[in-house]
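Peer 1: 3D, please:
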Amino acid sequence: MIEQVLNRRNIMQSYRSGYQHIVDIDLKSFFDEVDHCILLQLLYRKVKCPLTLRLIRKWLRVPIQINVKLTKRRKGVPQGSPLSPLLSNIMLNELDKELEKQGLRYVRYADDFSIYTKSNTAARKIGNSIFLFLKDKLKLPINREKSVIRKPVNFKVLGYGFVPTYRKGDKGKYQLVASEKSWKLLKEKLKIITRETTPMSFDERIRKLREVSQGWLNYFRMASIHGKLKELDGWLRNRLRYCIWHHWKKPERKRKNLIQLGVDPEHAYQWSRTRMGGWATAQSPILMTTITLERLRKRGYDAMLTYYEKIAPHLNEPLYTRTVRTVV
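Peer 2: Below is the predicted model:
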């Protein structure tokens, strides 16, 4: 996580310095294309123990099953082991050295890397030279279709996106946001937990919501997501109201519960027999004024926006060091 945070800060510094032409290079099936000979040669420079090298070589050559037949592995690193990312980083450390040798601004996380330049011409020139280095020196193929030159607004890295600050005098400056894909995946997870037909108690729903939402927010705490979180919280509370309404099931039970929540008997009877759908009822005044935010909090619900405001570093800096940031 620390490395990811440092990467994101390096990117923002590059944008502020005018490096806004990004060479986004995609390595084609990287873990399946690692050349064993090159990797073992790199290992031999530092590791002189023959037994260790022999074990690594045997591990690399572990057969793979293709069409019910075991086939010897001639290239690639077996995935799923703690050793895989370590060996991959040893391989790509040569790329880091080449980029530093050329004095380039770059960010790399595992096999995902990007280079930052000040002009489109420089980006093309650097992209071609790095392509040749990867092809000739490391024997790693590049996905030409996905490897392109991008501007910050079209660039996504580790689930983050970038948007202009839209503030007077801040031309060319950007702020971090969560990408649309990240929002979509979060909403899908929340939908599954708050689906009225999912067999779980209300307390269990709240516990799972807390696990998912807090984990997501801890990762995206550096992004400016205040506005979208406020909207998402409103949607999520309506989902919880829908679950409660669905759990009450029978009209008579709904009537009694509405009366307990402070609704007069006449309106309680009318709403308990309503022909409105469950989702429409959840957004109606009758449930929004009875199953209030305060009552949900007493059951353990914590708004995502509240938690975000506690952990977001740019919202918790001392006032005398805090820079003005625009949120979306």
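Peer 1: Strands of the stretch 1-150 of the chain, start to end?
Peer 2: 21-26, 64-66, 69-71, 105-109, 112-117, 148-150 (DSSP state E, counting those that start in this stretch).
Peer 1: For the last one, name the packing helices and strands.
Peer 2: Put plainly, it is strand 148-150. strand 21-26, helix 120-136 (3 or more Cβ pairs under 8 Å, 6 or more residues apart in numbering; DSSP states H and E). Glycine gets a C-beta too; all of them are placed from N, C-alpha and C.
Peer 1: which element follows that strand toward the C-terminus?
Peer 2: Sequence-wise, the next helix or strand downstream of strand 148-150 (DSSP states H and E) is strand 160-164.
Peer 1: Now that next one: buried residues?
Peer 2: Tyr160, Gly161, Phe162 (16 or more other Cβ atoms under 10 Å).
Peer 1: Determine how far it lies from the middle of the whole chain.
Peer 2: Remark: strand 160-164 is offset 13 Å from the chain centroid, using Cα atoms, centre = their mean, to the nearest Å.
Peer 1: tell me the angle of the helix or strand that it is followed by relative to strand 160-164?
Peer 2: Per DSSP H and E, the first helix or strand lying C-terminal to strand 160-164 is strand 174-178. Strand 174-178 and strand 160-164 are oriented at 140 degrees to each other (axes from the mean of the first three to the mean of the last three Cα atoms, to 10 degrees).
Peer 1: partners of strand 174-178, with directions?
Peer 2: strand 160-164 (antiparallel) (DSSP bridges).
Peer 1: Give me the mean pLDDT for the partner strand.
Peer 2: The predicted model gives strand 160-164 an average pLDDT of 87.
Peer 1: quick one: contacts of it?
Peer 2: With Cβ atoms under 8 Å, 6 or more residues apart in numbering as the test, strand 160-164 has contacts from 8, 11, 15, 152-153, 155, 170, 173-180, 182, 220, 222-223, 328.
Peer 1: Please name whichever of the helices and strands packed on strand 148-150 is nearest to Gly262.
Peer 2: Closest to Gly262 of those, according to Cβ to Cβ: strand 21-26, at 56.6 Å.
Peer 1: and the closest one, what's its mean pLDDT?
Peer 2: Strand 21-26 comes out at a mean pLDDT of 89.
Peer 1: and that strand, how far from the chain's centre?
Peer 2: Remark: strand 21-26 is offset 19 Å from the chain centroid, using Cα atoms, centre = their mean.
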